[in-house]
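Q: Predicted model and sequence follow; I will ask about them next.
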Amino acid sequence: MSWFIGVDVGGTFTDFHAYDADSGAVHLHKTPSTPDNPARAILDGLDELCQATGIERDAISRLAHGTTVATNALIQRKGADVAVLTTEGFRDLLEIGRQIRPKMYDLKADHPPPLAPRHLRFEVTERIGGKGNIVKDLTEDTIAKAVAVIAESEVTSCAVCLLFAFLNPEHEQRLGAALAEALPDVSVSLSSAVQPEFREYERFSTTLLNAYLQPLIGHYMRYLGEELKDAAPNARLGINQSSGGLMSVDRAGQVPIRTALSGPAAGAIGAMQLARLAGKPNVITLDMGGTSADVALIRDYETGISYDRDVAGFPVRLPMVDINTVGAGGGSIAWFDRDGLMKVGPLSAGAEPGPACYGRGGTEPTVSDANLVLGRLSGELLGGAMSLDVEKARAALQSISDHLGFSVERTAHGMLGIVVANMVRAIRTISVERGHDPREFSLMGFGGAGALHTGEVARALDMDEIIVPLSPGILCAHGLVVSDLKEDFVASARMPLDEDGLAIIANRALGLGERAEEWFASENVPVDRQRIRLALDLRYRRQNFELTVPASPAEGGLDVAPLAALLARFYQAHERAYGHFTEEDPVEAVNVRVTALGLADLITPEPIEVHPDLAPTPRSHRQVWFEPDTSVETPVYDRAKLMPGHTFIGPAIVEQLDATSVVHPGDRVRVDASHNLIIEVGL
């Protein structure tokens, strides 16, 4: 049982990366996604992979899955009928929110209405105080009334969100136990279990989203788990979290909100590993698929974790890989707004019917159609398994080119310019706006369409180096194979950061460490694979937001670093985030965080002898438009035949099973020892 398989379900394709831990063999596979039932593409694709490669099903020991089911359910509002039980007087907290406009300059834009309408939000007579003390006890009669009102509402899920439950979960736990006993078919989410942190609105919102997703994700996980018992009888199924680690199927069913950015997080993890192999500590990633583009910043081989995100317009307070997403993918549709200007995305043709060039009934002009018209894509995808129709692509673009009075090629070039501008704006958000200079980073393009556009993106940001991995279209699936098992624990601990506070923090850390040990045991993580990281959320007193800084020594563990070291780390983080710090103002702690990791097997390729400055032979030539009105005869290379040491100068097109890379005129390409394409941008 030596095969590890990663499966990433995207909007257009479902990707497979299979790795044999014994021999080091790697097999890749792509199959069209099935949006109506994502599990079907997983099962069919696994069958195709095993038949094509000879992988024995009982030799698969782990199957890691990145899922978009939760995200799609939130976007499409296709979750459960959900009710809320909350403290008396706080029924409307979810609707009041933070009184912050969703769009600063749009006075008419509203926040999306809560997923639980007002008639399904019920108050409970109880009260926990701000220090965790019981101000008003929760009586058995009150519990019985709460259970009865949930039963009468005929919902399939319930979120229990009580005031200060993060300090004292007793009342929530009693309500949850009563609901589970009386209404076993109703899913229950307790805020003290989903994310026990202060800030009531964000905690309530996260718990409601979790409850909204529980029945759907729970059913999906049970169905997939049962089907995989036959398809891969010895495989342990792991579900990727938004924080970049795997969790069990049961845990995913309990806290499905943790899967909201499951797929993009896997891409960031895969990019981190490849950055290490390439010796590039600072990388900005561009993961462009069929529907969207996800960008992340990797510094010193680590990507950031954020704790406050919006998912489908709703605030979520959970650890997530710091990724910025924009509606820019191969299926993004060009359209005209009321101002008469052409826009590209966020509406996408998706997998069905897909871009017009797929020949599946799509007629709208998309980014993939534009790339095909400009010669950047060939007439085939997936190694010839899928044909592209250039005439249908031109026909789709004809209507907008007539409207603009441009040629089809100039129109296609303009479409790519717009989608590149959208991605550049997303990269500036995670770099320039946070004090990072993109010129100090390499740009790593992956996903099915990332390497098609890295040249223009790099030029717009004055970046001088591009990295294209060996299998860019399947990097998210690769990230799933190398992902660690992971569980996050948190305890609120608002107190001054001084010697007395450190003693309390150390005690909280030990309590979280005991929970981590229980998790290690439940997941059967060997002792030599166990790692623990300790962090603190810190801020200046009276600040509204905090910064997360490492709190343990460099080697990890539960020991709290000395006060001077913690303050130095906070000052450094504050200066990086805000451009300044002061040693005069008092600092306070807000939360204690412990992350437990079960380390995965490292995939380290055998070293390859590099013969520098070898010139590869192109397999063909074709006309490619790099400028709006002129084409250039461009060599086309087969990626499978490019070996470490090969070098060549653009223009060039590099084709492979899972992606196409565009090399602009004047760019210099070198294949490194890990088979990455290292492109020096000719600015």
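A: Good, I have the coordinates.

Q: Show me the strands in the stretch 201-350 of the chain, by range?
A: Listed in chain order, the strands found in the stretch 201-350 of the chain under DSSP state E, counting those that start in this stretch are 236-240, 246-248, 283-288, 293-299, 302-303, 305-306, 309-311, 314-316, 320-321, 323-326, 332-336, 342-348.

Q: Among those, which comes closest to G435?
A: strand 293-299 (10.7 Å; C-beta to C-beta). No exception for glycine: its C-beta is placed from N, CA and C like everyone else's.

Q: on contacts alone, who are the packing partners of the closest one?
A: Using 3 or more C-beta pairs under 8 Å, 6 or more residues apart in numbering; DSSP states H and E, the elements in contact with strand 293-299 are helix 262-278, strand 283-288, strand 323-326, helix 408-430.

Q: Adding distance to D15 and mean neighbour count, write the ones you listed out as TSV.
A: Shown next, in TSV, are these (distance: least, C-beta to C-beta, whole Å; neighbours: other C-beta atoms under 10 Å):
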stretch	distance to D15	mean neighbour count
helix 262-278	9	26
strand 283-288	12	28
strand 323-326	18	21
helix 408-430	21	21
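
Q: Secondary structure element for I55, which one?
A: Using DSSP states H and E, I55 is not contained in any helix or strand.

Q: if you skip the residues just before and after it, what's nearest to it?
A: Among residues not flanking I55 along the chain, W3 sits closest, at 5.8 Å (C-beta to C-beta, 6 or more residues apart in numbering).

Q: ranking the helices and strands packed on strand 293-299 by mean pLDDT, which is last?
A: Least confident of those, judged by mean pLDDT, is strand 323-326 with a mean of 86.

Q: could you list every residue that touches the most far-flung residue of the chain relative to its centre?
A: Distance from the C-alpha centroid of the chain peaks at D141, with 44.0 Å (C-alpha atoms, centre = their mean). Applying C-beta atoms under 8 Å, 6 or more residues apart in numbering to D141 gives no contacts.

Q: in which helix or strand would I find it?
A: Going by DSSP H and E, D141 is in helix 140-153.

Q: for the stretch 551-683 of the chain, which spans come out with low pLDDT?
A: 554-555, 602-611, 683 (pLDDT under 70).

Q: Would you map the helices across it?
A: Shown for the stretch 551-683 of the chain, the helices assigned by DSSP state H, counting those that start in this stretch span residues 563-578.

Q: hmm, back to that, distance to F441 for the strands of the stretch 201-350 of the chain - can I get that in JSON lines?
A: Below are the strands of the stretch 201-350 of the chain laid out as JSON lines (distance: least, C-beta to C-beta, whole Å):
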{"stretch": "strand 236-240", "distance to F441": "25"}
{"stretch": "strand 246-248", "distance to F441": "28"}
{"stretch": "strand 283-288", "distance to F441": "5"}
{"stretch": "strand 293-299", "distance to F441": "7"}
{"stretch": "strand 302-303", "distance to F441": "12"}
{"stretch": "strand 305-306", "distance to F441": "18"}
{"stretch": "strand 309-311", "distance to F441": "22"}
{"stretch": "strand 314-316", "distance to F441": "27"}
{"stretch": "strand 320-321", "distance to F441": "17"}
{"stretch": "strand 323-326", "distance to F441": "15"}
{"stretch": "strand 332-336", "distance to F441": "25"}
{"stretch": "strand 342-348", "distance to F441": "24"}
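
Q: Quick one: closest of the ones you listed to A151.
A: Nearest of the strands of the stretch 201-350 of the chain to A151, taken as C-beta to C-beta: strand 314-316 at 26.8 Å.

Q: what helices or strands is that closest one leaning on?
A: Strand 314-316 packs on helix 200-231, strand 309-311, going by 3+ C-beta pairs under 8 Å, 6+ apart.

Q: show me what contacts the residue lying closest to D658 once chain neighbours are set aside?
A: Using C-beta to C-beta, 6+ apart and skipping residues adjacent in sequence, the residue nearest D658 is G473, 2.8 Å away. Contact analysis of G473 by C-beta under 8 Å, 6+ apart lists 13, 15, 30, 446-448, 656-659.

Q: in this protein, what secondary structure element scores lowest on mean pLDDT?
A: strand 380-381 (a mean of 72; mean pLDDT, DSSP states H and E).

Q: That one pairs with which strands, and in what direction?
A: strand 386-387 (antiparallel) (DSSP bridges).

Q: Can you name the next helix or strand after the partner strand?
A: Next helix or strand after strand 386-387 toward the C-terminus (DSSP H and E): helix 390-404.

Q: what's the angle from that following helix to strand 342-348?
A: 130 degrees (axes from the mean of the first three to the mean of the last three C-alpha atoms, to 10 degrees).

Q: Against which helices or strands is helix 390-404 packed?
A: Packing partners of helix 390-404 (3+ C-beta pairs under 8 Å, 6+ apart): strand 332-336, helix 367-373, helix 408-430.

Q: and among the helices and strands packed on strand 314-316, the most buried is which?
A: Burial of those is given as mean neighbour count (mean count of other C-beta atoms under 10 Å); helix 200-231 ranks first at a mean of 22.

Q: what's the angle from it to strand 236-240?
A: 150 degrees.

Q: For helix 200-231, what does the pLDDT average out to?
A: Mean predicted lDDT for helix 200-231 stands at 91.

Q: if we can go back for a sec, what angle do whichever helix or strand comes after the helix holding D141 and helix 140-153 make?
A: Using DSSP H and E, the next helix or strand after helix 140-153 towards the C-terminus is strand 157-161. Going by the same axes, to 10 degrees, strand 157-161 is angled at 140 degrees with respect to helix 140-153.

Q: Direction included, what does strand 157-161 pair up with?
A: strand 82-87 (parallel), strand 187-190 (parallel).

Q: Give me the contacts around that strand.
A: Contacts with strand 157-161, where a contact means C-beta under 8 Å, 6+ apart, come from 80-86, 90, 116, 150, 172, 175-176, 179, 186-191, 200, 203-204, 207-208, 210-212, 214-215.

Q: end-to-end on stretch 429-447?
A: Terminal residues of stretch 429-447 lie 20 Å apart, using C-alpha to C-alpha, to the nearest Å.

Q: wait, stretch 623-641
A: 22 Å.

Q: What residues of that stretch count as buried?
A: Within stretch 623-641, the residues scored as buried using 16 or more other C-beta atoms under 10 Å are 624-626, 628, 634-637, 639.

Q: re earlier: reformat the helices and strands packed on helix 390-404 as JSON lines; add distance to I466.
A: Shown next, in JSON lines, are the helices and strands packed on helix 390-404 (distance: least, C-beta to C-beta, whole Å):
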{"stretch": "strand 332-336", "distance to I466": "21"}
{"stretch": "helix 367-373", "distance to I466": "17"}
{"stretch": "helix 408-430", "distance to I466": "13"}
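
Q: Figure out which of the strands paired with strand 157-161 is closest to Q543.
A: strand 82-87 (26.7 Å).

Q: ok, back up a step: for the residue nearest to I55, list the residues it contacts.
A: 18-21, 55, 59-61.

Q: How about F648?
A: Contacts of F648 by C-beta under 8 Å, 6+ apart are 615-616, 635, 637, 663, 668-669.

Q: picking up where we left off before, just so I know, which of the helices and strands packed on strand 293-299 lies nearest F489?
A: helix 262-278 (18.7 Å).
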